[in-house]
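> sequence and predicted structure are below.
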Amino acid sequence: MRIAVIVFPGSNCDVDLYEALGTVCGADVAYVSHHEHSLVGFDAVMLPGGFSYGDYLRAGAIARFTNIMPAIIKMAEEGKPVFGTCNGFQILTEAGLLPGALKRNDSQRFVCKAVPLEVVNNQTLFTSRYRPHERISLPIAHADGGFYADQKTLDRLEANHQVVFRYAEENPNGSLRNIAGITNQRGNVLGMMPHPERAVEAILGNTDGLRLFKSLLTNGSVKVGE
Amino acid sequence: MTNVRIFVTYKQSVFDPQGETIKDAIHTLGHDEVTAVKVGKFFDVTIDATGAAVDQAVKEIADQLLVNFNMETYHYQVLEEAE
Amino acid sequence: MTNVRIFVTYKQSVFDPQGETIKDAIHTLGHDEVTAVKVGKFFDVTIDATGAAVDQAVKEIADQLLVNFNMETYHYQVLEEAE
Amino acid sequence: MKQAMTPEEIKEQKPYLDWSLSEDEYNYISDTLLGRLPNYTETGLFAAMWSEHCSYKKSKPVLRLFPNKNDRVIQGPGEGAGVVDIDDGQAVVFKAESHNHPTTVEPYQGAATGVGGILRDIFSMGARPVASLDSLHFGELDDSTTRMKVDGTVRGIGDYGNCMGIPTIAGETTFDPCYQGNVLCNAMSVGLMDQKDIQQGKAAGVGNAVMYVGAKTGRDGIHGATFASADFSDENATQRSAVQVGNPFMEKLLLEACLELITKHPDWLVGIQDMGAAGIVSSSAEMAAEGKSGMDLDLDLVPQRETGMSAYEIMLSESQERMLLCVNKGHEDDVRKIFDFYDLDAVTIGRITAGHQYVLRHDGQVVCDIPVSSLTDDVLEEESTEHKPVRITVAEQEPVWRPKIDDPAATLRCLLAQSTIADKSSFYQQYDSQVRTSTVVGPGSDAGVLRVRGTHKGLAMTTDGNGRFVYLNPEVGGQMALVEAAANIVSSGAEPLAITDCLNYGDPNDPEIFWELHQSVKGMAAACRIFDTPVISGNVSLYNENNGQAIHPTPMVGMVGLVKNIDRVVPSFVQQAGDQVYLVGA
Ligand SMILES: Nc1ncnc2c1ncn2[C@@H]1O[C@H](COP(=O)(O)OP(=O)(O)O)[C@@H](O)[C@H]1O
């Protein structure tokens, strides 16, 4: 399976995703510039963390007008895996591929540290290698990570098992219902604030993120049906 | 040429801790008569158009870009208009 | 009880990178008639006072907390006043 | 000619005195260097280039005490940053810079643009910045202004580095009343490169293009350079407007564009330099001087975001996120295309000329025509008088003070409650310390440690300084700064390679302060020789005073060490119950 890592102006965790997939997992991965119009030949697409367009206006708000965006939306509609971490998650919500929005952390500050998470749903393309309700730890690094949606949307997310990760101890950003990551209804688009790509090598002190990429790779060139 | 000021705020239902933090700081300065603080942002936009075309442009820009309707709302004010 | 809206902006000569980036994004949307965008913030402050005491309070809060006069400037508007 | 004053008026009214150019310097420029009166633009350029900030005219004699060579040093002081061999054809590049005055005035933007500036110094060498460090010194936290300054400074450093995607992995923070009116904000950046990609700030080859890339020029920070050389006082408060606003998003694009040009198209590029203090004039004049060339610039071609700027304002603007390139004739369009891809301006603003004149045109007129070297090399070094501070002489006569401790547990608790000693995680958690996924040891340890991808090597780095020690005994305090840094590097499992520094002092015209500078540098230099850690780059920040009150002399040492085997990095935390504790050394 061939995976695209999108490089938006201001992306900066693109290298980290690329290395996690390519060097650590041995996957077939390539950078794709936001200038491109097509993702033909790719089986999955990843939106990295960083500060696309400087996070000016709102995090992720401007990136959705780039040339590549229609191709990403098309892949999502085709049921192919689409993954966004941190700024990638923010872009996915701004583009309407995921519900809700990410708002400024309650502390009003950027926060970088490891946080305990619960894998709420291990029945997704991205989490099949985790145990049900497994506790893991992943790094976060963001200023706008508070997941917000109205009650109805939140209830629907829970009812459809779209909440995939939850903050397990403290809530680091004011996220409603401690939400750390969600999928779309179909389950092929995952957005999460924590950085699994920062937790794939023992030398960096944490390998809890590795199984997310392994899950995706073993599930192969899947297409998720309705 | 029209100058428009577009105000964007969180919806009433969205908790905004920033205003609270600033209120506390104001109290530290001794201004206890300040009982509430809300924070918002605004965009001063110069538009090379007048009349209805301005309203149309503002609506489109706000809808598509400046406002995230999941959590925000907006209103605007025409500051000055000149032919 | 008085509601005051305090506007804070960069001074004219200070570069506003946000405004520039947003202007470019607006052009991407096809709204080339937008020729300038400046970003500012505002504070809606409720003050348990009226008249000159309000002006005094606003001045002190702005001077000491809300505004950095090295690069910013402010003005304010009394939105409503009630005894 | 659009000049605010005629040369004769300048001679009579002496505006240059306000720009910190002395009567002697002005006369030397007129009589000896030019043989005529300088015009308004020229006078302003001299004032900026001859300021302490740009010329080191006062500190140079002292800086000569530092060793700056050994087998590993590839590039010592003089370029954007120093370069050290780390084997396998790779090199580490690093430098520290102070942004004390801007941070005191506008903590958030001052700190942010401090980080932005030091990063440009690194990537203009051809290296990719891989880590940042900081060294912050504030007044005591019981003051609400200080708390706002701390908050703004930390957010400024964090936001800029976070947005750029460069991890901030170590640093230090201290609190002392002496920094209350004059914050110290020193930022250090470390880059990694292949030795073959090393660049120089050089302009040469008659007919080659001088290209301006990056953000447009505005009126920000005019006089920043001279401003940094004059101390603060409260009456001055309204003049403090030389604040620059950082745009880390644009700098990220600039970084990627410059590295693409440098690593993929080395044959197009002759030289590259960051536009730092004193903006276009210092970068262009230094590049021409380095290349022993003449240069002819047309300022009307400089991208500007404000109208009606004078030649002087354009040349001295300190707008951020700009670089100057010297490009081989015929490749201007190729270079422009690279920058285009990143949505950046790249404009040819002049050419290299035969001879050695520095010529500027504005509105169709020649506004400056002087020898390049008069700006860069002919600066009059200043001799300083110095003597031992009375406080030290007095203290030496007193009996040695020994603390009396009755209740060690209580004393320990008091010590731990000191803000300088207490946990700093509330600051460094605002920094992304892990982006680029190479951080093996992040902030909170003795030194930050990065792995070097694709090798077994690592780099350890730390910033250290202690103004109180130096205040008590400058020479020993200087040595101790080195010892602390080296201990932090070694205890992380690395071998010290070299250092950079920021020398933060008060007004050097005060003989006692100059003595502090001299003695502490002497102490540092001696320790550098012992550890074989040459000084490969650095920065001097003088006039750190508020209302005539100087800060403690605070030299900051930034040290980098080489980890030969990254699997053998030693953490500085207690690992598990039952482990034995040893005290080693004196
Ligand atoms: N401003 C800062 N930026 C990054 N890291 C910091 C900063 N301040 C402190 N730290 C981290 O916290 C640790 C303890 O800080 P401090 O007590 O100031 O330094 P030290 O232990 O070197 O005397 C440092 O080793 C450093 O890793």
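Received, thanks.
> quick one, phi/psi of the closest residue to residue A:20 other than its chain neighbours?
Nearest non-adjacent residue to residue A:20, counting by CB to CB, 6 or more residues apart in numbering or on different chains: residue A:197, 4.1 Å away. Just so you know, the C-beta spots here come from the backbone N, C-alpha and C atoms, and that holds for glycine as well. Dihedral pair for residue A:197: phi -70, psi -10, per degrees, to the nearest 10.
> centroid-wise, who is the farthest residue in chain B?
Distance from the C-alpha centroid of chain B, by CA atoms, centre = their mean, peaks at residue B:30 (27.8 Å).
> how close does the residue nearest to residue A:20 sit to residue D:506?
Distance, residue A:197 to residue D:506, using CB to CB, to the nearest Å: 47 Å.
> kindly report the same for residue D:258.
Taking CB to CB, one finds residue D:258 at 37 Å from residue D:506.
> ok, now residue A:7?
Taking CB to CB, one finds residue A:7 at 47 Å from residue D:506.
> the two: who's more crowded?
Higher neighbour count among residue A:7 and residue D:506: residue D:506, with 26 against 23, using other CB atoms under 10 Å in any protein chain shown.
> what's the burial count for the residue of chain A found nearest chain B?
When scored by CB to the nearest CB, chain A has residue A:101 as its residue closest to chain B, at 3.9 Å. Residues near residue A:101, counting by other CB under 10 Å, number 23.
> contact partners for it?
With contact taken as CB atoms under 8 Å, 6 or more residues apart in numbering or on different chains, residue A:101 is in contact with A:93-94, A:147-149, B:68, B:70-71.
> of those, just say which sits nearest to chain C.
Among the contacts of residue A:101, and counting by CB to the nearest CB, the member closest to chain C is residue A:94, at 11.7 Å.
> correct me, but the closest one touches residue A:58?
Yes. With contact defined as CB atoms under 8 Å, residue A:94 counts as touching residue A:58 (7.1 Å).
> could you pull out the helices in the stretch 451-586 of chain D for me?
Per DSSP state H, counting those that start in this stretch, the stretch 451-586 of chain D carries helices over the ranges D:467-472, D:474-490, D:511-531.
> is the first one in proximity to the ligand?
No. Using CB under 6 Å from any ligand atom, helix D:467-472 stays clear of the ligand, with a minimum separation of 11.9 Å.
> around the ligand, which positions in chain A sit nearby?
Counting by CB under 6 Å from any ligand atom, chain A has no residue next to the ligand.
> how deep is residue 119 tucked in, by neighbour count?
Just so you know, I chose chain A. Residues lying near residue A:119 (other CB under 10 Å) number 23.
> ah, I was thinking of chain D
Per other CB under 10 Å, the neighbour tally for residue D:119 reads 28.
> ok, now which ones touch it?
D:129, D:132, D:164, D:166, D:189, D:251, D:255 are the contacts of residue D:119 under CB under 8 Å, 6+ apart.
> 7 Å - rerun?
Listed by CB atoms under 7 Å, 6 or more residues apart in numbering or on different chains, the contact partners of residue D:119 are D:129, D:164, D:166, D:189, D:251.
> what mean pLDDT does the strand or helix carrying the fourth one get?
Translated: residue D:189. Secondary structure assignment for residue D:189, by DSSP states H and E: strand D:184-194. What strand D:184-194 shows for mean pLDDT is 98.
> direction included, what does the helix or strand just after that strand pair against?
As assigned by DSSP H and E, the chain's next helix or strand after strand D:184-194 is strand D:209-214. In the sheet, strand D:209-214 lines up against strand D:322-327 (antiparallel), strand D:345-353 (antiparallel) (DSSP bridges).
> helices or strands next to the following helix or strand past the shortest one in the packing?
Read that as strand D:322-327. Moving toward the C-terminus from strand D:322-327, the next helix or strand (DSSP H and E) is helix D:332-341. Where contact means 3 or more CB pairs under 7 Å, 6 or more residues apart in numbering or on different chains; DSSP states H and E, helix D:332-341 is packed against strand D:209-214, helix D:248-264, strand D:345-353.
> so who does the residue of chain A found nearest the ligand touch?
Per CB to the nearest ligand atom, residue A:112 is where chain A lies closest to the ligand, at 11.0 Å. With contact taken as CB under 7 Å, 6+ apart, residue A:112 is in contact with A:140-141, D:429, D:431-434.
> name the element it belongs to?
Per DSSP H and E: strand A:111-119 holds residue A:112.
> hmm, residue D:149 is touching residue D:140, no?
No. Counting by CB atoms under 7 Å, residue D:140 is not a contact partner of residue D:149; they are 11.5 Å apart.
> same drill for these two, tell me which one is more crowded.
residue D:149 (25 against 16).
> that older thread, partner strands of the strand holding residue A:112, with direction?
strand A:135-142 (antiparallel), strand A:163-167 (antiparallel).
> what about residue A:63, how many neighbours?
Counted with other CB under 10 Å, the neighbours of residue A:63 add up to 29.
> does the longest helix seen in chain B reach chain D?
When every helix of chain B is counted residue by residue (DSSP state H), the longest turns out to be helix B:17-28. Yes. Part of helix B:17-28 sits near chain D under the criterion CB under 7 Å from any CB of the partner chain, namely residue B:28.
> just after that helix, pick out the following helix or strand.
According to DSSP H and E, the helix or strand after helix B:17-28 is strand B:34-47.
> is any residue of that next one near chain C?
Yes. For strand B:34-47 and chain C, the contact criterion (CB under 7 Å from any CB) is met by B:34-47.
> pull out the buried members of those residues.
Burial by neighbour count, judged by 16 or more other CB atoms under 10 Å in any protein chain shown, picks out B:34, B:37-47 from the residues of strand B:34-47 next to chain C.
> pick the one among these closest to chain D.
Nearest to chain D among those: residue B:46, at 15.1 Å, using CB to the nearest CB.
> now whichever residue of chain B sits closest to the ligand: closest residue in space, sequence neighbours ignored.
For chain B and the ligand, the shortest gap (CB to the nearest ligand atom) falls at residue B:21, measuring 22.1 Å. Once flanking residues are discounted, residue B:21 sits nearest to residue A:108: 6.5 Å by CB to CB, 6+ apart.
> re earlier: ok, for the residue of chain A closest to the ligand, nearest residue in space, not its chain neighbours?
Per CB to CB, 6+ apart, closest to residue A:112 is residue A:141, 4.1 Å.
> burial check on the one you found, number of neighbours?
Neighbour tally, residue A:141, other CB under 10 Å: 24.
> ok, residue D:265 next?
Quick note: residue D:265 (other CB under 10 Å) scores 15 neighbours.
> look up the closest residue to it, ignoring the ones flanking it.
Residue D:265 sits nearest to residue D:334 (CB to CB, 6+ apart), 7.0 Å away.
> next, count neighbours for the one you found.
14.
> any idea how far it is from residue D:268?
Residue D:334 is 6 Å from residue D:268, by CB to CB.
> ok, residue D:553 - contacts?
So residue D:553 contacts D:467, D:470-471, D:474, D:505, D:516-517, D:520 (CB under 7 Å, 6+ apart).
> list the contacts of the nearest residue to residue D:564 once chain neighbours are set aside.
Using CB to CB, 6+ apart and skipping the chain neighbours, the partner closest in space to residue D:564 is residue D:457 (6.6 Å). Residues in contact with residue D:457 (CB under 7 Å, 6+ apart) are D:86, D:562-564, D:566.
> how would you label the most centrally placed residue in chain D: helix, strand or coil?
Central residue of chain D (CA atoms, centre = their mean): residue D:97, 2.1 Å from the mean position. Following DSSP: H, G, I helix; E, B strand; the rest coil, the label given to residue D:97 is strand.
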